[in-house]
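Q: can't give you the sequence, but here's the structure:
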């Protein structure tokens, strides 16, 4: 049971985790965040997440309100307060309490803990369906809080009996709403888009692991090539590696999860275990 | 001195005007707003603002939490609480306290009062400079809280010694960051873009007034045509009609404010007086 969040450095009960409505994240969407898993009480790939959070914060002309060492301390403290062995933590950094409702000031810092989203086992054994959608995020490399588009699309996604969207620009695939996208082609090469996609931390680690066993390419990935793929999957901190069996009406590998995806899922599981093992 | 806001229907001192960080406007930018002037204690063009707020809210699949009559009551009450004869009120409606941090629930409603932004008199007598910038808002017809781009551009705007940006798509002008844009051509026709621009309430009323005295066209407005304009101005609830004397390096009418703009400023001032007069 999650009972505590952190607001501007203080651990507080959730019902007291409030910010004033003058906050520039609330009023103007001037806000970035990062999210990572807690596994065996440890934040997973935390150096990467904090480095990205710092990049996002700097993109907005803001500074991290704490050093990275202080942030790790605060993360561990919040996980402990919630007796959280497994879960997720989100850090939000906003433009602060603006005087004129437009110009940023001293950032506000919020840390939310959550139980990890659980998916039906079939998602991993049978794969998911994505709905192709033409859209490019405004700031694809910065993890802003702007999720208006995918939230607005929820009804359409449901009606399409899809799990999520697959963004493209009419020719090239970029990413899913909260996940990176990969294919495996018939030569067994693993390919993920190089442009207009968030630099996912799970993506980074999956690529690292994959390189040891497979040919890997980070380059433009067309819709056409995706339709001809032998396998497909997506990655995120919440989902890990999630097989994709279908995009709109085209089934991939006749809807059967491929061996490369299965092998990567196992290799990535081991990689996370090793990471946490060295930390514990 | 502004001392009170309204949060979910209750008037509260500003320091107690808080929302929980689980709010979907805060976490995911799932939020719309509207802003209008209070003049002689009355909200100006309020029917239009509330109609647009309802459209914005519906675009997000949300409902207005109060009837329009109730909203007007609450607006008047907040103006009274703040002893505000002149000022501005912003209403924000968000996706509410989401259970999973993604799907909207019962909306949160926030109303903020503010002193009206005042500009140096020279802004109206000498006009302002805009910085041309290639950008189209994701949802130009919905008044969302996504202002990441113009806030990020503040430094660049300052360095260009400009007052604000002028968005275009490489060929056509759309709008400024928080204002609509108009030109007057050498035939004396008033032209404002028909696409990718917010349907401003001041824009609507300026067009209404202008139609009685001038030829008016709402249609695509190219950068080329803007460069050749005889006059230019922008409109917003905060700014009213504000003359534009320069865009990047091209001066309009040698930097002198044109007669049509001056005449419209006076006609619009009378129009607002008449509106408020019928209400008081």
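A: Looks like it came in fine. Only a predicted model underlies this, so the values are computations on that prediction, with no experimental measurement involved.
Q: Is residue A:166 in a helix, a strand, or coil?
A: Secondary structure, DSSP: H, G, I helix; E, B strand; the rest coil: residue A:166 is strand.
Q: Was I right to think residue A:239 contacts residue A:179?
A: Yes - at 6.1 Å, residue A:239 and residue A:179 qualify as touching, with contact defined as Cβ atoms under 8 Å. All C-beta atoms are positioned from the backbone trio N, CA, C, and that covers glycine.
Q: residue ranges of the helices in the stretch 1-150 of chain A, please?
A: Ranges of helices in the stretch 1-150 of chain A, per DSSP state H, counting those that start in this stretch, are A:24-28, A:46-59, A:68-81, A:122-126, A:148-152.
Q: Between residue A:239 and residue A:179, which has more neighbouring residues?
A: residue A:179 (27 against 20; other Cβ atoms under 10 Å in any protein chain shown).
Q: Now do the same contact list for that one.
A: A:164, A:200, A:234, A:235, A:236, A:239, A:242 (Cβ atoms under 8 Å, 6 or more residues apart in numbering or on different chains).
Q: Kindly state the beta-bridge partners for the residue positioned nearest the centre of chain A.
A: In chain A, the C-alpha nearest the mean C-alpha coordinate belongs to residue A:236, at 4.5 Å (Cα atoms, centre = their mean). In this structure, residue A:236 bridges to residue A:240 when assessed by DSSP bridges.
Q: Quickly note the distance from it to chain B.
A: Going from residue A:236 to chain B by Cβ to the nearest Cβ, to the nearest Å gives 13 Å.
Q: now do residue A:225
A: According to Cβ to the nearest Cβ, residue A:225 stands 27 Å off from chain B.
Q: Likewise for residue A:103?
A: 7 Å.
Q: Ignoring the adjacent residues along the chain, who's closest to that residue?
A: The shortest distance from residue A:103 to any non-neighbouring residue, by Cβ to Cβ, 6 or more residues apart in numbering or on different chains, is to residue B:154 (6.6 Å).
Q: okay, now that neighbour: neighbour count?
A: Neighbours of residue B:154 (other Cβ under 10 Å): 16.
Q: same thing with the one 5 residues further on?
A: The criterion is other Cβ under 10 Å. On that basis, residue B:159 has 9 neighbouring residues.
Q: Ok, residue A:123 next?
A: Per other Cβ under 10 Å, the neighbour tally for residue A:123 reads 14.
Q: Now do the contacts for it.
A: A:163, A:242.
Q: Then residue A:45?
A: By Cβ under 8 Å, 6+ apart, the contact list for residue A:45 reads A:36, A:201, A:202, A:205, A:237, A:275.
Q: Kindly state the pLDDT recorded for the residue in the stretch 151-280 of chain A positioned nearest to chain B?
A: The minimum distance from the stretch 151-280 of chain A to chain B, using Cβ to the nearest Cβ, falls at residue A:151 (5.3 Å). Looking at residue A:151, its pLDDT stands at 96.
Q: cool, the one 4 residues further on as well?
A: The model reports residue A:155 with a pLDDT of 95.
Q: which secondary structure element contains it?
A: helix A:154-159 (DSSP states H and E).
Q: picking up where we left off before, can you tell me which of the helices of the stretch 1-150 of chain A is most buried?
A: Among those, the stretch with the highest mean neighbour count (mean count of other Cβ atoms under 10 Å in any protein chain shown) is helix A:24-28, at a mean of 27.
Q: Right, I'll leave it there.
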